[in-house]
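1. Requesting a structural model of the entry that follows:
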Amino acid sequence: MDCLFCKIANKEIPSKKVYEDEFCYAFEDIAPAAPVHILFIPKEHISGMGGITPENSAVVSKIFEAISRVAGDMGLDGGYRVVSNCGADAGQTVFHLHFHLLAGKPLGGMCSIGG
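-> Numbers count the residues shown, from 1 in each chain. Now for the predicted structure:
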């Protein structure tokens, strides 16, 4: 499999690790959109939100537990945003399920939809 995030999780490609457990791996985004921009990925390959099944869905709760823990450890008391893009039309560029943790500045409202 030629998946960038699988290679990062397997440490075949270097990253700035923030968190790791048996289910997920978190690392700093190389093109941050906020002062804090961390990606959380499952260690097992799931293509995206559309690839979540009853058999693999427990990993999503583990990732959200990790996000909560990291946010708490980092003192993100002012708030943070968690985003997951699903599919090319939504801006997904790496087809491995991942969640962006964004914080460190006021993020404003959500982008407008439609147009």
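2. And Ile46, how close does it get to Ser84?
-> Distance, Ile46 to Ser84, using CB to CB, to the nearest Å: 11 Å. Backbone N, C-alpha and C define where each C-beta goes, glycine included.
3. mind listing the helices in the chain by residue range?
-> 4-9, 58-73 (DSSP state H).
4. residues making contact with the last one?
-> Pointing back at helix 58-73 there. Contacts with helix 58-73, where a contact means CB atoms under 8 Å, 6 or more residues apart in numbering, come from 18-19, 21, 23-24, 26, 38, 40-42, 44, 46, 52, 80, 82, 97, 99, 101, 103.
5. The strand ranked longest in the chain packs against which elements?
-> Ordering each strand of the chain by length in residues (DSSP state E) puts strand 36-42 first. Strand 36-42 sits against helix 4-9, strand 17-20, strand 24-28, helix 58-73, strand 99-103, with contacts defined as 3 or more CB pairs under 8 Å, 6 or more residues apart in numbering; DSSP states H and E.
6. Name every strand pairing with that strand and say which way it goes.
-> Strand pairing for strand 36-42, determined by DSSP bridges: strand 24-28 (antiparallel), strand 99-103 (antiparallel).
7. how much does that strand deviate in direction from helix 58-73?
-> 150 degrees (axes from the mean of the first three to the mean of the last three CA atoms, to 10 degrees).
8. returning to that earlier point: out of Ile46 and Ser84, which sits in the busier spot?
-> Ile46 (21 against 15; other CB atoms under 10 Å).
9. Good, wrapping up.
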